[in-house]
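Undergrad: When you get a sec, could you give me coordinates for this:
(one chain, ligands or ions: 1)
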Amino acid sequence: MDDKEVFRNIIDKNPDAILMVNKKGIVSFVNPEAERMFGRTTEEFIGNFFGYPLEVGKTGEISILSSMKGLRTAEMQVVELMWHHEDFYLVTLRDITGHNIVKKQLEKSTEKLKTIFRQTVKALVSAAEKRDPYTAGHQQKVAKLACTIADRMDLPENQKEAVGISSILHDIGKIYVPDAILNKIGGLSDADFDAIKTHPQFSYDIVKEIDFPWPIANIVIQHHERLDGSGYPMSLRDENILLEAKIIGVADVVEAMSADRPYRVSLGIDKALEEIVNNKNKLYDPIVVDICVKLFMHENFSFTQN
Ligand SMILES: [Fe+2]
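TA: Next up is the predicted model:
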C-alpha cells in the first residue's frame, strides 16, 4: 500500500465527517462518514453550498436533519488549508447527539438532587420549628431578608447560596433548648438566656455533619457574633466574623424584633431598624445595615409578601 492509499484510508475510515469547502462555501470533497451523517451522497454534496456558517479556530455545534438518522447534533471544527493552490476550509464534524442526551440527563438528575436537598433542609427546619410555634417561619423569613441583602451586595453566586442555606438552618440548634424556655411566657431569667445562648454551638454541631460545599457550620455558629466582640459564643471581632454571618446576624435581629415572641409583643419594624442603625459599626456591619434599611424604607421589603 503506497502513502497515497494510506492517507486515503485514513480519510475514508475516519469516524468523523470530513469535508473540504472552498471560500465561496461550495463543497469540493466529502468522506464516507459525511455521507452517512447527512444522509446525502457525494454527488449531492459536490458543487453545492455547504450551508452552515464556518468559523475558523472555534468549536461550534450544528444541528443536522438527516433523512436516515433523524435530527443529529455535531461538533464542528474548521481550519484553513491550501489545496490545488486554492484556499479551502477543512471541516471536521463529530456526532455528539449521544453525549448531549447523557449531558441533559445528568443536568436533570443534578437539578432533581438539588430539589430533594432543599426539600430535606426545609423538612428538617419545619420539624424543629414545630416545637416553637412563635418562631415558626422565623428562619424562612430571615433567609428571605438575608438573601435579598446578599443579592443587593452583588455577592458571587456561591456566597449567595451559602447565605441562603445557612440562614435557613441558623437556629436549628434550638431543638436542644428545652421547650419550657423556648415557650416561656413573660420574662426570661439569666439562666434561661444562658440556655438559649447555647443554640449556635448546637446548630454548628448538627450542620457540621453535612458535607456542604460551603462553610455553613462556621457561618451558623457566628450568627450572634458582633463587630465589637460582645456577641456569642466566641466573642469574635469584626475581621474574624464571616460576611455571611454578619448578613444573617442583621436579618435575624430585624426579623426577631419585628415579630411577636412568647415573652413580648412585636416591637415593630421601626424599632428593629432603629436598633441596627444605632449600633451600626459597633455591633453590625455598616454596609449590611445600610442595604437592610434601604430595603424597608425605599423598596417596600416585606417578610411575608413576594
Ligand atoms: Fe439565633
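
Undergrad: Break this protein into its domains for me.
TA: With domains defined by automatic domain parsing, the chain comprises 3-99, 106-298.

Undergrad: hey, which of the ones you listed is tucked in deepest?
TA: For those, the largest average neighbour count (mean count of other CB atoms under 10 Å) is found in domain 106-298, namely a mean of 17. For the C-beta atoms, the positions are set from N, CA and C on the backbone; glycine is no exception.

Undergrad: Kindly check the end-to-end length of it for me.
TA: Distance between the two ends of domain 106-298: 43 Å, counting by CA to CA, to the nearest Å.

Undergrad: what sits up against stretch 153-172?
TA: Contacts with stretch 153-172, where a contact means CB atoms under 8 Å, 6 or more residues apart in numbering, come from 121-122, 124-125, 128, 135, 138-140, 142-143, 146-147, 149-151, 199-200, 202-203, 206-207, 212, 214-216, 219-220, 223, 243-245, 247-248, 251-252, 287-288, 291.

Undergrad: related to what we said a few turns ago, would you turn the domains of the chain into TSV with mean pLDDT and distance to T304?
TA: Below are the domains of the chain laid out as TSV (pLDDT from 0 to 100; distance: least, CB to CB, whole Å):
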stretch	mean pLDDT	distance to T304
domain 3-99	93	45
domain 106-298	91	8
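
Undergrad: Distance-wise, check E209 relative to I18.
TA: E209 is 55 Å from I18, where distance means CB to CB, to the nearest Å.

Undergrad: Can you tell me how far the nearest residue to L145 once chain neighbours are set aside is from H170?
TA: When the adjacent residues along the chain are set aside, L145 lies closest to A251, with 4.0 Å between them (CB to CB, 6 or more residues apart in numbering). To H170, A251 is 9 Å away according to CB to CB.

Undergrad: who's the closest residue to T42 other than its chain neighbours bridged to?
TA: Counting by CB to CB, 6+ apart, V30 is the residue found nearest to T42 once chain neighbours are left out, at 5.6 Å. For V30, the beta-bridge partners under DSSP bridges are L19.

Undergrad: Tell me who's in contact with V30.
TA: A17, I18, L19, M20, T42, F45, I46.

Undergrad: one step back: wait, a strand at the residue nearest to L145?
TA: No - under DSSP: H, G, I helix; E, B strand; the rest coil, A251 falls outside any strand and is assigned helix.

Undergrad: what's the spacing between it and L242?
TA: For A251 relative to L242 (CB to CB), the value is 14 Å.

Undergrad: I168 too?
TA: 16 Å.

Undergrad: before we move on, what about I11?
TA: 59 Å.

Undergrad: what do you get for G51?
TA: 55 Å.

Undergrad: now what about the helix or strand that I276 is a member of, what contacts it?
TA: In this structure, I276 sits in helix 268-278 according to DSSP states H and E. Residues outside helix 268-278 that contact it (CB under 8 Å, 6+ apart): 250, 253-258, 284, 289, 292-293, 296-297.

Undergrad: Between which two of those is the distance greatest?
TA: Across these, no pair lies farther apart than A256 and M297, at 19.3 Å, counting by CB to CB.

Undergrad: Surely I149 is within a helix?
TA: Yes - looking at I149 with three-state DSSP, it is inside a helix.

Undergrad: Pull the contacting residues for the residue nearest to I175 when sequence neighbours are not counted.
TA: Closest residue in space to I175, ignoring its immediate chain neighbours: A128 at 4.6 Å, by CB to CB, 6+ apart. Neighbouring residues of A128 by CB under 8 Å, 6+ apart: D171, I172, K174, I175.
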